[in-house]
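Peer 1: I'd like to go over a predicted model; first the sequence, then the structure.
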Amino acid sequence: GGGGGGGGGGVDRVGNVNANTSERRQMGEKVQVKLKVVVRCLPPTLSEENFKKQVDEKYEDEYAWLRYWKGKVAGKKGQQVLSRCYIQFKKPETILQFRKDFQGHAYINDKGVRFQAMVQAAPYQKCPKPKNKRRRDPKQNTIHKDAEYKRFVADLEKSVGIFRPSADIQMDQKEAEQKAKLASAGGVQAATMTPLMAYMKKKAEASMKRKQKRAHRKQKQSGGGNNKEGGGAGGGRTGSSKKKKKKQIKQGQQEQSTKSRPKKQQQRPASGRYRKSNNKSSAKTT
């Protein structure tokens with residue numbers, strides 16, 4: 001809804017800040033002119049299109065950026081959230097005129113509730129960059145200054161007068177050269193050794209050397225064992241006698257352990273009740 005204009009209440013920081021910028025600059029202070037304002041206390045039902053139309057009537061070409069945040073109507077659980085709008089103007093003089101037009105501007109909704117707009121300087125003065133604006137590449141349109149490109153152009157200019165056959169003729173020449181090489185080699189094409197094939201060949205040779213070394217070690221060990229076994233009959237007898245002694249010692253230890261174990265307790269006789277019950281049952285049966 002719309003309403004009447006006029007200067008109303010509210011906190012005004014825009015006029016106070018921008019009015020003193022010239023005086024502060026004369027004193028040598030570095031002052032940042034605040035060009036971004038926020039319009040608060042707008043009705044939650046006010047759409048962005050209606051508010052933008054109202055602003056564009058007088059300030060269409062005067063602002064550089066505008067962002068509208070629509071509020072929320074109070075529901076059963078949530079509270080009412082008022083709408084607000086952030087605007088960045090191009091000149092500080094436009095802000096003073098905009099403040100006179102919108103400070104205290106009244107909006108009345110369908111239920112007759114009155115909302116009074118309030119213009120303030122935005123606490124955060126920066127604005128997001130436009131998405132369509134791309135960063136310019138520093139190397140763009142500089143290929144003519146590149147040394148490698150200059151060399152390429154120079155070589156190209158030198159080879160202008162030189163006649164070169166077409167690609168088909170060059171392919172035919174290569175095929176003829178290959179056939180001549182085959183004929184000179186007796187019709188057998190020489191195998192080309194690629195880096196991968198050379199690596200695999202080297203790896204196979206290393207594995208073969210390892211296998212040969214292992215086989216040589218095993219032969220040495222088996223020969224040494226045979227020599228030890230054939231060292232004499234006396235040595236073999238002494239080894240067998242030692243084993244027998246060990247077995248006898250183990251058997252003696254086992255016999256001693258069995259003797260030292262306590263005998264199993266004999267089963268206790270059944271209780272008296274059990275005997276009586278058995279007697280009675282036997283008497284009845286008889």
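Peer 2: Cool, the structure landed.
Peer 1: what about G75, distance to Y68?
Peer 2: Distance of G75 to Y68, given as C-beta to C-beta, to the nearest Å: 21 Å. C-beta: built from backbone N, CA, C; applies to glycine.
Peer 1: how many residues are close by Y124?
Peer 2: Counted with other C-beta atoms under 10 Å, residues neighbouring Y124 total 8.
Peer 1: spit out the contact partners of it.
Peer 2: The contact partners of Y124, by C-beta atoms under 8 Å, 6 or more residues apart in numbering, come to K36.
Peer 1: would you confirm that it belongs to a strand?
Peer 2: No: using DSSP: H, G, I helix; E, B strand; the rest coil, the assignment for Y124 is coil, not a strand.
Peer 1: got phi/psi on it?
Peer 2: Here is the backbone geometry of Y124 (degrees, to the nearest 10): phi -110, psi 110.
Peer 1: mind checking pLDDT for it?
Peer 2: Listed pLDDT for Y124 reads 90.
Peer 1: same question, V81
Peer 2: On pLDDT, V81 comes in at 91.
Peer 1: that one against G75, yeah?
Peer 2: No: with contact defined as C-beta atoms under 8 Å, V81 does not count as touching G75 (10.6 Å).
Peer 1: which of those two has more neighbours?
Peer 2: Set side by side, V81 and G75 show more neighbours around V81, with 13 against 8, by other C-beta under 10 Å.
Peer 1: now that one: phi and psi?
Peer 2: phi -120, psi 120.
Peer 1: same check on Q97?
Peer 2: Note on Q97: its backbone torsions stand at phi -70, psi -40 [degrees, to the nearest 10].
Peer 1: one more: V37?
Peer 2: Main-chain dihedrals, V37, degrees, to the nearest 10: phi -120, psi 160.
Peer 1: pLDDT score assigned to it?
Peer 2: 94.
Peer 1: could you count how many residues lie near it?
Peer 2: Quick note: V37 (other C-beta under 10 Å) scores 24 neighbours.
Peer 1: right, and A106 touches G112 too?
Peer 2: No: shown here, A106 and G112 do not form a contact pair, counting by C-beta under 8 Å, at 11.9 Å.
Peer 1: compare these two (neighbour count), which wins?
Peer 2: Higher neighbour count among A106 and G112: A106, with 15 against 7, using other C-beta under 10 Å.
Peer 1: quick one: that one from K202, how far?
Peer 2: Per C-beta to C-beta, A106 is found 92 Å from K202.
Peer 1: what of S222?
Peer 2: Distance from S222 to K202, counting by C-beta to C-beta: 32 Å.
Peer 1: same thing with Q173?
Peer 2: 36 Å.
Peer 1: with V119 instead?
Peer 2: For V119, the distance to K202 - C-beta to C-beta - is 83 Å.
Peer 1: so for the two, which residue has more residues nearby?
Peer 2: V119 (26 against 9).
Peer 1: keeping just the C-alphas, turn stretch 199-212 into PDB.
Peer 2: This file holds the C-alpha atoms of stretch 199-212, laid out as PDB (Å, rounded to 0.1, in the frame of the first residue of the first chain):
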ATOM      1  CA  TYR A 199      62.900 -52.700 -19.000                       C
ATOM      2  CA  MET A 200      61.100 -56.100 -19.000                       C
ATOM      3  CA  LYS A 201      64.100 -57.800 -20.600                       C
ATOM      4  CA  LYS A 202      66.400 -56.400 -17.900                       C
ATOM      5  CA  LYS A 203      64.100 -57.500 -15.200                       C
ATOM      6  CA  ALA A 204      63.900 -61.100 -16.600                       C
ATOM      7  CA  GLU A 205      67.700 -61.300 -16.700                       C
ATOM      8  CA  ALA A 206      68.000 -60.100 -13.100                       C
ATOM      9  CA  SER A 207      65.500 -62.800 -11.900                       C
ATOM     10  CA  MET A 208      67.400 -65.500 -13.800                       C
ATOM     11  CA  LYS A 209      70.600 -64.500 -12.100                       C
ATOM     12  CA  ARG A 210      68.900 -64.700  -8.700                       C
ATOM     13  CA  LYS A 211      67.600 -68.200  -9.400                       C
ATOM     14  CA  GLN A 212      71.000 -69.400 -10.500                       C
END
